[in-house]
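Student: missing the sequence, but the structure's below:
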């Protein structure tokens, strides 16, 4: 795994995306990783001063050993030994704590917006460690669905992190789903049109231009009519994605209107994009 401010991609990977959607419960979390050393993610002043996560480094060591025991037969676990956070179609950064996930929560706390997630149905797309979703759970969201591309991310990291932080009724409000955003959209469009979310949270997920259409379609399929999408991002990413390219893509689709909030963390310009559906007049 790389440092928090870096992203590295395997540009020679075969870009094939899974078509399988899987659902998990808390009982599916790996018990061994829940006993690994933990790390504290401080979130400043507010309703949630900090979150406890399974240590990124300890998890990496554990999963590398597991991959070796299995002869590196699992490509997701085997990728941890490559030094790449992102291998398109194999692993999409889910085993890395990205700065933006923490900064997103800090921004929502600072602006008094986090409490607004109380009693809302929340979906976190590309959750990884699950920091924004965990924050929503802790302030009383009606439900939080954690989505990541890889089932391994959910089983070995996200679910254990929820178990470390959630208490009592919070545990029963967490749901987990893995799979590609495009396939997730297909399922919601065809099978779950009535199960939509009030707020969709996603951080550091526009790092590659080929992801724009998949992310946009998932948001369009899963968001309630009066809902809101919150996208936290940097202005540019090494693999090619940029804030401005993403905004241009969203504008060309004519499904959402956007508001861009500029935020600075340690001298780095970051942004929170608010996306709401464009009202359609009825003739």
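Tutor: Perfect, thanks for sending it. This is a predicted model, so every value here is computed, not measured.
Student: chain center to the helix or strand that contains residue 144, what's the gap?
Tutor: Following DSSP states H and E, one finds residue 144 within strand 143-148. Chain-centre distance of strand 143-148: 8 Å, with CA atoms, centre = their mean, to the nearest Å.
Student: Report the strands that pair with it, each with its relative direction.
Tutor: strand 121-125 (parallel), strand 174-178 (parallel) (DSSP bridges).
Student: In this protein, what residue spans correspond to helices?
Tutor: Along the chain, counting by DSSP state H, helices occupy 31-34, 56-69, 75-78, 99-110, 131-138, 151-153, 159-165, 181-190, 212-222, 243-253.
Student: could you dump those helices to JSON lines with distance to residue 47, mean pLDDT and mean neighbour count?
Tutor: To be clear about C-beta, it is placed using only N, CA and C from the backbone, and glycine gets the same treatment. Output for those, formatted as JSON lines (distance: least, CB to CB, whole Å; pLDDT from 0 to 100; neighbours: other CB atoms under 10 Å):
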{"stretch": "helix 31-34", "distance to residue 47": "25", "mean pLDDT": "92", "mean neighbour count": "14"}
{"stretch": "helix 56-69", "distance to residue 47": "25", "mean pLDDT": "86", "mean neighbour count": "16"}
{"stretch": "helix 75-78", "distance to residue 47": "34", "mean pLDDT": "71", "mean neighbour count": "19"}
{"stretch": "helix 99-110", "distance to residue 47": "7", "mean pLDDT": "93", "mean neighbour count": "22"}
{"stretch": "helix 131-138", "distance to residue 47": "7", "mean pLDDT": "97", "mean neighbour count": "28"}
{"stretch": "helix 151-153", "distance to residue 47": "26", "mean pLDDT": "92", "mean neighbour count": "23"}
{"stretch": "helix 159-165", "distance to residue 47": "13", "mean pLDDT": "97", "mean neighbour count": "22"}
{"stretch": "helix 181-190", "distance to residue 47": "30", "mean pLDDT": "91", "mean neighbour count": "18"}
{"stretch": "helix 212-222", "distance to residue 47": "26", "mean pLDDT": "96", "mean neighbour count": "21"}
{"stretch": "helix 243-253", "distance to residue 47": "29", "mean pLDDT": "97", "mean neighbour count": "15"}
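Student: I'd like those as a markdown table, with distance to residue 48 appended.
Tutor: A markdown table is the format used below for those (distance: least, CB to CB, whole Å):
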| stretch | distance to residue 48 |
| --- | --- |
| helix 31-34 | 20 |
| helix 56-69 | 20 |
| helix 75-78 | 30 |
| helix 99-110 | 7 |
| helix 131-138 | 5 |
| helix 151-153 | 22 |
| helix 159-165 | 9 |
| helix 181-190 | 27 |
| helix 212-222 | 25 |
| helix 243-253 | 27 |
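Student: Point out where this protein drops to low pLDDT.
Tutor: For the chain, the stretches flagged by pLDDT under 70 are 1-16, 18, 70-73, 78, 80-94, 193, 280-283.
Student: quick one, longest strand in it?
Tutor: In the chain, taking DSSP state E as the definition, the longest strand is strand 223-234.
Student: now that strand and helix 243-253, what's the angle there?
Tutor: 160 degrees (axes from the mean of the first three to the mean of the last three CA atoms, to 10 degrees).
Student: what's strand 223-234 packed up against?
Tutor: helix 99-110, strand 197-203, helix 243-253, strand 268-277 (3 or more CB pairs under 8 Å, 6 or more residues apart in numbering; DSSP states H and E).
Student: same thing but at 6 Å, please
Tutor: strand 197-203, strand 268-277 (3 or more CB pairs under 6 Å, 6 or more residues apart in numbering; DSSP states H and E).
Student: Just tell me which of the ones you listed ends up closest to residue 167.
Tutor: strand 197-203 (21.0 Å; CB to CB).
Student: now the angle from that closest one to helix 181-190?
Tutor: Using the same axes, to 10 degrees: strand 197-203 against helix 181-190 is 180 degrees.
Student: ok and strand 197-203 relative to helix 212-222, angle-wise?
Tutor: Note on geometry: by the same axes, to 10 degrees, strand 197-203 and helix 212-222 are set 160 degrees apart in direction.
Student: Next, the angle helix 99-110 makes with strand 197-203.
Tutor: 130 degrees.
Student: Just checking: what are the partner strands of strand 197-203?
Tutor: Counting by DSSP bridges, strand 197-203 is paired with strand 121-125 (parallel), strand 223-234 (parallel).
Student: Need these in JSON lines (columns: mean neighbour count).
Tutor: Shown next, in JSON lines, are those (neighbours: other CB atoms under 10 Å):
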{"stretch": "strand 121-125", "mean neighbour count": "26"}
{"stretch": "strand 223-234", "mean neighbour count": "20"}
